[in-house]
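J.: coords please:
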Amino acid sequence: MTEMITIIAVGVGLAGLILNGQKNIREDMKSLREDMKSLDARFEKLESRMGTMERQQAKLEGLLEGLREAISGRAPASR
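T.: Predicted coordinates for the structure are as follows:
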């Protein structure tokens, strides 16, 4: 009889540990999802800023080519 009580007690103890572990994992996953959403928003902002910088760089390159052409009096070499 005491063996049966011991077995049941061990089973209940293990079930408690497993359930607690699952709860902690769920909380960690929820936190990770929130972190991922934050990172997604930051990446979107970075992509937008990079697009703006690419357009500005292209504009500057065009201005420099025009300046070279104006100074030298000839068309730039084709690429």
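J.: contacts, neighbours, all on C-alpha from now
T.: Will do.
J.: element containing the residue most central in space within the chain?
T.: For the chain, the residue nearest the mean C-alpha position is Leu39 (4.0 Å; C-alpha atoms, centre = their mean). Secondary structure from DSSP states H and E places Leu39 in helix 2-72.
J.: Ala58: neighbour count?
T.: 11 (other C-alpha atoms under 10 Å).
J.: state the pLDDT value of it.
T.: Taken from the predicted model, the pLDDT recorded for Ala58 is 96.
J.: who touches it in this structure?
T.: For Ala58, no residue counts as a contact, taking C-alpha atoms under 8 Å, 6 or more residues apart in numbering as the criterion.
J.: quick one: low-confidence parts of this structure?
T.: Scanning the chain with the threshold set as pLDDT under 70 gives 75-79.
J.: make it 80
T.: Under the criterion of pLDDT under 80, the regions of the chain flagged as low confidence span 74-79.
J.: how close does Gly21 sit to Arg33?
T.: Spatial separation of Gly21 from Arg33 under the definition C-alpha to C-alpha, to the nearest Å is 18 Å.
J.: again, but for Arg55
T.: Summarising the geometry, the distance separating Arg55 from Arg33, computed by C-alpha to C-alpha, is 33 Å.
J.: if we can go back for a sec, tell me the spacing between the residue nearest to the centre of the chain and Met50.
T.: Computed as C-alpha to C-alpha, the Leu39 to Met50 distance reads 16 Å.
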